[in-house]
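Trainee: dropping the sequence and predicted coords here.
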Amino acid sequence: MNAESTVFRASRPAVVVAPGGEGARAAAWLLAWPMRLAATPMGRRLLVAATLAVVAVVSVGWLYDSADPATAARTFRPAGVAAAGPAGEPAGRQSAAAPVRAKKAGGPAEVAAAWWAARQKVAADKVQSLQQRRISATEIQVLVVAEAGGSRMPSDYVTVRKGPSGWAVP
């Protein structure tokens, strides 16, 4: 036997699986299982339940992947950040042409944080306002959290109202 003859012919015979072997029977049973399951009333119910579960998971996943509408971005904003101005520039920044104005005495976020710091008996710099939501034109709820020591971080919504003297906690 020379070197070229092994290219066309294997040196050992290949292992051939008989068509009626154990592996073929197991594969046929596994492939026929869903059809046998669908033939029973309980199996049909299980297949329908599984299909509905897959549809629910896919639809909820799609809802989480899609973007939020623009109105939601305007409704909720972090506390202490003002809404955008008329020209699209943030209201917290002044343009070069705007005159320098004195800062207001305190917005709803600062008032709520100061009140929560006094209530929790912690320093004012240990309290942070996270978000705010408008209840009415003169009433806003501010979510505040305090670092009270250790792993304790009490948080709550504080309602502030705008009166003639400015924002205050009722």
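Mentor: Nice, thanks for sending it over.
Trainee: CA only for contacts and neighbour counts going forward, please
Mentor: Noted.
Trainee: in the chain, which spans are helices?
Mentor: Assignment of helices within the chain using DSSP state H yields the ranges 5-8, 22-38, 41-65, 70-75, 108-120.
Trainee: give me the residues contacting the last one.
Mentor: To tie it back to what came earlier, the one meant is helix 108-120. Helix 108-120 has contacts (CA atoms under 8 Å, 6 or more residues apart in numbering) with 79-80, 123-124, 126-129, 132, 140, 142, 144, 146, 148, 158-160, 167-169.
Trainee: how's this structure carved up into domains?
Mentor: Following automatic domain parsing, one finds the domains of the chain at 21-65, 72-81+106-170.
Trainee: so which of the ones you listed is the most surrounded?
Mentor: domain 72-81+106-170 (a mean of 16; mean count of other CA atoms under 10 Å).
Trainee: how about the helices of the chain in TSV, adding mean pLDDT and distance to R152?
Mentor: Listed next are the helices of the chain as TSV, based on pLDDT from 0 to 100; distance: least, CA to CA, whole Å:
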stretch	mean pLDDT	distance to R152
helix 5-8	57	76
helix 22-38	86	54
helix 41-65	93	31
helix 70-75	56	30
helix 108-120	93	11
